[in-house]
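Novice: next come a sequence and a model predicted from it.
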Amino acid sequence: MSSLPSFASTLSNNSGLRRASRMAQPTTGRIDPPVAEATDEEAAPMTFSKRIRAETAQAHRITESTSFVKGILRGAVDMESYRNMQTGLYVIYSAMERELERHNLNPLVRSVYFPSLTRSRALEQDLDALWGGEWKNRMTITPARQNYLDRIRWVGENDPGLLVAHSYTRYMGDLSGGQVVERIVRRSLKAEGKEGFRFFHFDDISDVKAFKNIYRRCLDGLPISGDQGDQIIAESNRVFTLNQKIFEELDGSWIRALVKLAPIGFSQRQAVSY
Ligand code: HEM
C-alpha cells in the first residue's frame with residue numbers, strides 16, 4: 001500500500017450536506033447520517049469525505065435505482081449480462097487506472113493513489129474465465145462506454161486532479177455495494193470459487209472497513225485550494241451519471257434475464273443487510 005498523506009485540511013462549507021439530509025434516504029443500505037438543521041454561524045466544520053458522501057447521495061440513489069441494478073439486486077442476472085457488465089467495467093477501469101498511474105505524482109491524485117485498489121488485472125482474469133479467452137476481440141465500445149472514456153481522457157489531459165472523483169466513485173463503491181453485488185450474482189449464477197469474481201476481491205486489503213476509513217482520511221487531507229473541492233464533488237456526480245448510463249445500456253440484457261428468472265425468495269433488503 002502506498003504511504004498515506006498528512007490528514008491536514010477540513011472544509012467548512014456544509015450547505016450541500018444539509019441539502020442532502022433533506023432528501024429521501026437511499027434504499028439499498030447506504031444510509032447517510034441525518035444532519036440537524038443549523039445556521040451557518042453554528043455549523044460544525046465539515047470534512048471533505050463527509051461532504052462528498054452527502055453531496056453525491058442523490059446521485060448514488062439514482063444510479064442504484066436503474067432497472068439493471070435493481071434487476072441484479074433481485075437476482076435477475078444471467079451469464080451474458082454479467083459478462084457484459086464486467087466487460088464494460090474493464091473498458092472503464094483500464095482507462096481510469098492508466099490515467100491514475102500516469103498522474104500519480106499529481107498532489108491530489110497522489111493523496112488517494114493506492115495500487116492495492118487496481119482492478120484491471122483482476123478484470124482481465126475474470127474475462128478470460130467468463131468468455132473462455134478471445135474476449136478482447138469481442139469487446140465493444142458502446143456509446144455510454146465511449147462517453148465515459150472520453151471524460152476520463154479529457155480529465156487526464158486537462159484537469160488530472162479531478163481523477164480523485166473517478167477514484168472515489170468507483171473504488172469506494174466497489175468496496176461497499178460491490179460486495180453485495182458479488183453475493184447476489186454468485187447466487188444467481190450458482191457460481192463458486194474465485195474464477196470470474198476476482199474483481200470483487202481486494203487481495204491486498206485485509207480489512208475493507210478500516211481501509212475505507214483510511215481512504216476517507218486521505219480525502220480529508222487532500223491539498224485542495226480554491227473551489228477544487230466543489231469541482232471534485234461535481235465530477236463525482238458526473239461519474240455517477242456516466243455509470244448510470246452504462247447500466248441503462250445494459251437494460252436489454254437484464255430484461256432477457258428477468259424472463260428466465262425463477263422466484264428466488266430473496267428480497268433486495270435481505271440482500272444488502274449484511
Ligand atoms: C448494486 C447497487 C449498489 C448498492 C447495493 C450500494 C450500496 C452501498 C452501501 C451499502 C454503501 C455504504 C457503505 C458504507 O457506509 O461503508 C455504499 C457506498 C458507496 N457507494 Fe454504493 N451501492 C451500489 C451501487 C453503487 C454504484 C454503481 C456506485 C458508483 C458507480 C456506488 C458508489 C458508492 C460510493 C462512492 C460509496 C461510498 C460513500 C462514502 O462513504 O463516501 N455505489 N454503497
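Specialist: Great, that's in hand.
Novice: next one: stretch 114-134, is it in contact with the ligand?
Specialist: No. Using Cβ under 6 Å from any ligand atom, we find that stretch 114-134 stays clear of the ligand, coming within 12.5 Å at best. Placement of C-beta: from N, CA and C, glycine included.
Novice: how about stretch 54-61?
Specialist: Yes. When contact is scored as Cβ under 6 Å from any ligand atom, part of stretch 54-61 falls within range of the ligand: His60.
Novice: then stretch 223-239?
Specialist: No. Using Cβ under 6 Å from any ligand atom, stretch 223-239 stays clear of the ligand, coming no nearer than 6.7 Å.
Novice: buried stuff in that stretch?
Specialist: Across stretch 223-239, burial judged by 16 or more other Cβ atoms under 10 Å covers 224, 228-229, 231-233, 235-239.
Novice: residues from the stretch 151-274 of the chain in reach of the ligand?
Specialist: Residues of the stretch 151-274 of the chain lying near the ligand (Cβ under 6 Å from any ligand atom): 168-170, 172-173, 176-177, 180-181, 212, 240, 243, 272.
Novice: out of the buried residues of stretch 223-239, who's nearest Leu123?
Specialist: Val239 (17.8 Å; Cβ to Cβ).
Novice: still on that earlier bit, of all the residues of the stretch 151-274 of the chain next to the ligand, which comes closest to Thr140?
Specialist: When those are compared for distance to Thr140 (Cβ to Cβ), Asn243 wins out at 17.6 Å.
Novice: and the pLDDT at the closest one?
Specialist: Asn243 carries a pLDDT value of 98.
Novice: mind listing which of the buried residues of stretch 223-239 are in strands?
Specialist: Using DSSP state E, no member of these falls in strands.
Novice: could I get those residues as a markdown table with distance to Pro160 and pLDDT?
Specialist: Converted to a markdown table, the buried residues of stretch 223-239 look like this (distance: Cβ to Cβ, whole Å; pLDDT from 0 to 100):
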| residue | distance to Pro160 | pLDDT |
| --- | --- | --- |
| Ile224 | 14 | 96 |
| Gln228 | 12 | 97 |
| Gly229 | 16 | 98 |
| Gln231 | 12 | 98 |
| Ile232 | 12 | 98 |
| Ile233 | 17 | 98 |
| Glu235 | 11 | 99 |
| Ser236 | 15 | 98 |
| Asn237 | 19 | 98 |
| Arg238 | 15 | 98 |
| Val239 | 15 | 98 |
